[in-house]
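S.K.: One predicted model, sequence on top.
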Amino acid sequence: MRRVLFILTVLALALPSAASAGLARPTPTTPASGAVTPWVPAFGWKAVAGADHYLFQMAADPNFNSPVETSGDSIVTTRNTFASWKFAIPNGNYYWHVRAVDAKGNLGPWSAALRFNKHWVGTTTPLSPANNSTLAYPSNPTMKWKAVDGAAKYEFTLASDPDLSSLDGQPAKPVETDSNEFTYTAGLSAGTTYYWSVTPIDGEGNRGFASAPFHFKWQWNSGTTLAVVDLAPAPDVVDPRFSWTPIPNAARYDVEINSDASFAAGSKFCCTTPTVGTVMTPTNVLLNNQYYWRVRGIDADGNFGIWNYYSDPLTGNPFFRKTFDTRDPGDLNPSIQNLRMADNISGVADPNTPGNDADAAPGYQTQVPIVTWDPVLGASAYEVEVRLFTGGGCTTAVNAEYWDSIVATNAWTPLGPNPVDEPWPNHGRNLAHDGSRNLVAGHDYCVRVRAFTDQGYDQNHLLKNVVGDWSYIDNGNDQTGNEKVAFGFLGYPDDPQCTDIQPFPTCSADHVTANDYSGAPMFGETTDHTPVFTWSPTPKAQGYFVLVSRDPNFTTVVDYAWTREPAYAPRFGNSATTYADETTAYYWVVMPAAYSTGLNARIDPTLEHGG
C-alpha cells in the first residue's frame, strides 16, 4: 500500500506500553462506518473523561498491519476530538481507530475500527467553445471546462478524429494543465473538425472520468475579393493583371487559372508556384479563351484557406475572356485595322477602305505590291497569306503563286525567286528569297493577315501560337464565300536592257543614286519598329539585293535579301528577323542586278549610295 503524509494538529508524547483501566474506549462519531467519500473525510469521536490527548491511527487493512504513515510515524497524537487530512491518498478502503491517553501517559483502549471508502471520481463538463461550433482563424482556440473539486490538474486531449487517437495524421498527445482552460497554439488545419476532452486528476494521481468529447470546426477567415484589370488600351487585346485583397496571416497565395468552370485538373493553364504578393501578371501568355480563376491563402504553417472565386463586378459572369486581336461573331470590323495596298511608285493607295467593297474586278492594280496595315498592340509578328484568285475564288493549289509568310513588321512585299547568282555569299547571313514562288503579270491575288503575339502554354504545358483573327483586304471573308481580289499584278517595273541569257560585260544596271533613296527609311531616321525599305527603280535593273548592316562598310550584315521590286519588308522564316534595338545605327544599301535571275549585280556595297 502506498504511504502518504497527512497533517494533524499533534502533540508528540512518549507512549506507555500498557493501557490504563481508568480510561474509556472512545466512541467514533464521523464518518459513519462504511461511508463512501470522494476525499479523506474529517474524523471525529466523543471526548473521553480523564483524557489528556488521543492517539489516532489509519490503515489499509482492519488489522492495522498496513498503517498510513505521516511524518515517518504510523501513530499520531492530537488534543482535539477531530482529525483532518491535508494530503490525498489513493482510492480504496481504509480503517481507523482512536484511543485516549491521560496526563500520566496511561493508555486507554482502542475504539472500534471503522471503515470508509475513499472513492474520488473526478468528472467535468466542457463549457466553451460550444459543441459543434466554428472557430475563426487566426485566433488560437481556448477550451474551457468546469473546475472539479479535489482535482490537482487536468489532462487535455485534442484530436482530429472522434476517438481522440490522432491529430492531423499523427498520434494525439495529451497535455497536463493546472488550470481549467487550455489555449492550443501548435497550429491547426483550416477547414478541419477537431475533438477535445478533459480528464481530472487528483493530487495522488487518481484519474477521474474523461469528459464527453466536444468538437469544433477550425475555419480560417480567408476570404478575399478578386479583380482583373486589362493592361492593354486596345479594345480587342486583353493583357490581364490579377489582384486580390490581402488575407490576414497569409504567407503566400495559391492562384489557379482554368478554362473549365469546375477547375478540372486537365484544364489548368496556370499556376504551379505560389506567389507572395497580391498582384500577379502571368509570365506566360494565355491562349485566347474563356477563363475562370480562383485564389486561396496559405499560412506560415502551410495550412490552406478557402478558395475564392472571381466574379465580374459588372456582368456577374464567373469568367473573363482573354483575347488577342479578335472580334466577336457577327462583328464586321476587321481585327487588323487599315489593312490596305500601297505602291511606292504611283503613290496611290487602295481607294477602297475596309468595309467599302466598291472596287470593280480585277481590283487595285500595281507593279509594286506592298501590303500594309496599322501595327497591332502586343504583336510580335504577323502572318500574311497571299493566294491566287482564279475567278471562282482564292486558292492555295497553285504553289508557285501561294505565300504564307511570317513578317517582322506591319508590311509584306514579295521577294524575288531563287536567283542563279549570289554576289555576297560570305556575309554571315543566308539570302532571303521566295524560292520557286513568283507573281505573274496579269494575275489577281487575295490577301489576308493575322497578328501573332508570344507563344503561350496550353493546359498540357505545350507551347501554342497565340494569334488573332484573319483580316481580309476588301473585307473578303472565307466563311461567307465572299473573299475578294486584293490586287491585280501588272508586272515588275523592270528596265530590261540585257535580254540575252548570258550577261555581257557591258550589260549592267546603273548605280543607285542618292535621289533613289527617296522612300523609307530616310538617312538618319529613328524608328521604333523594323522598317519597310522602299526606293525608286534603278535604270537597267531587273532586281535588287538588299543589305542591312551595323557598319557603313557592310562587314557586319544583319539582313540580306533578293527582291524583284523596289521595296522590301523583312521576313521571318528565311534569313531575316526583327532587328535588335541599337544605340548606334543601321546602314542599308540596294545593289541592283541587270537580270531577273540576279546576274550582273553590283558587287561593292561601299560604291553604292546607301541609307
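M.R.: Nice, I can see it.

S.K.: Without its sequence neighbours, what residue ends up closest to Gly598?
M.R.: Pro419 (2.8 Å; CB to CB, 6 or more residues apart in numbering). For every residue, glycine as well, the C-beta is placed using N, CA and C.

S.K.: Quick one: neighbours of that neighbour, just the number.
M.R.: By the criterion of other CB atoms under 10 Å, Pro419 has 20 neighbours.

S.K.: Check the gap between it and Ala35 for me.
M.R.: Distance, Pro419 to Ala35, using CB to CB, to the nearest Å: 122 Å.

S.K.: Same check on Asn106?
M.R.: Between Asn106 and Ala35 the distance is 31 Å, computed by CB to CB.

S.K.: So which of the two has more stuff around it?
M.R.: Ranked by neighbour count (other CB under 10 Å), Asn106 and Ala35 place Asn106 first, with 18 against 13.

S.K.: Across the sheet, point out what pairs with Trp244.
M.R.: Beta-bridge partners recorded for Trp244 (DSSP bridges): Leu226.

S.K.: what do you get for Pro126?
M.R.: Using DSSP bridges, the beta-bridge partners of Pro126 come out as Trp145.

S.K.: In terms of pLDDT, where does it sit?
M.R.: At Pro126, the model reports a pLDDT of 95.

S.K.: try Thr534
M.R.: Per the predicted model, pLDDT is 87 at Thr534.

S.K.: now swap in Gly363 and tell me
M.R.: With respect to pLDDT, Gly363 scores 58.

S.K.: With Lys464 instead?
M.R.: For Lys464, the pLDDT comes out at 65.

S.K.: now do Asn140
M.R.: So Asn140 comes in at 82 (pLDDT).

S.K.: okay, now it: neighbour count?
M.R.: For Asn140, using other CB under 10 Å, the count is 12.

S.K.: doesn't Gly187 make contact with it?
M.R.: No. Using CB atoms under 8 Å, Asn140 is not in contact with Gly187, being 9.1 Å away.

S.K.: quick one: low-confidence parts of the stretch 301-450 of the chain?
M.R.: 325-334, 343-363, 425-428 (pLDDT under 70).

S.K.: And the strands in it, which stretches?
M.R.: Per DSSP state E, counting those that start in this stretch, the stretch 301-450 of the chain carries strands over the ranges 308-309, 320-322, 340-342, 365-366, 370-372, 381-389, 394-395, 403-407, 411-412, 444-452.

S.K.: got CSV for the ones you listed, with mean neighbour count and distance to Thr273 too?
M.R.: Formatted as CSV, the strands of the stretch 301-450 of the chain follow (neighbours: other CB atoms under 10 Å; distance: least, CB to CB, whole Å):
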stretch, mean neighbour count, distance to Thr273
strand 308-309, 17, 19
strand 320-322, 20, 20
strand 340-342, 22, 45
strand 365-366, 20, 53
strand 370-372, 23, 42
strand 381-389, 21, 29
strand 394-395, 18, 47
strand 403-407, 19, 32
strand 411-412, 26, 40
strand 444-452, 24, 27
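
S.K.: can I get these in JSON lines with distance to Val295?
M.R.: Putting the strands of the stretch 301-450 of the chain into JSON lines (distance: least, CB to CB, whole Å) gives the following:
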{"stretch": "strand 308-309", "distance to Val295": "5"}
{"stretch": "strand 320-322", "distance to Val295": "14"}
{"stretch": "strand 340-342", "distance to Val295": "45"}
{"stretch": "strand 365-366", "distance to Val295": "55"}
{"stretch": "strand 370-372", "distance to Val295": "44"}
{"stretch": "strand 381-389", "distance to Val295": "34"}
{"stretch": "strand 394-395", "distance to Val295": "48"}
{"stretch": "strand 403-407", "distance to Val295": "37"}
{"stretch": "strand 411-412", "distance to Val295": "43"}
{"stretch": "strand 444-452", "distance to Val295": "31"}
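
S.K.: looking at those, which is closest to Lys173?
M.R.: strand 308-309 (34.2 Å; CB to CB).

S.K.: Just checking: what are the partner strands of the closest one?
M.R.: Going by DSSP bridges, the partners of strand 308-309 are strand 289-298 (antiparallel).

S.K.: quick one: contacts of the strand it pairs with?
M.R.: The contact list for strand 289-298 (CB atoms under 8 Å, 6 or more residues apart in numbering) reads 220, 222, 224, 226, 228, 242, 244, 247, 249-261, 263, 269, 274, 304-310, 318-322.

S.K.: please redo it, this time with the cut-off set to 7 Å
M.R.: 222, 224, 226, 242, 244, 247, 250-259, 261, 263, 274, 304-310, 318-322 (CB atoms under 7 Å, 6 or more residues apart in numbering).

S.K.: Quick check: bridge partners of Met341?
M.R.: Beta bridges link Met341 to Val371 when assigned by DSSP bridges.

S.K.: Which residues are in contact with it?
M.R.: 349-350, 364, 366, 369-371, 473, 486-487.

S.K.: Pick the one among those closest to Asn465.
M.R.: Minimum distance to Asn465 across the contacts of Met341 is 20.5 Å, recorded for Val371 (CB to CB).

S.K.: re the thing from before, which entries within the contacts of Met341 meet the buried criterion?
M.R.: Listed as buried from those are 350, 364, 366, 369-371, 473, 486-487; burial here means 16 or more other CB atoms under 10 Å.

S.K.: Just the buried ones out of the contacts of strand 289-298, please.
M.R.: Buried among the contacts of strand 289-298 by 16+ other CB under 10 Å: 222, 224, 226, 242, 244, 247, 250, 253-259, 263, 304-306, 308, 310, 319-320, 322.
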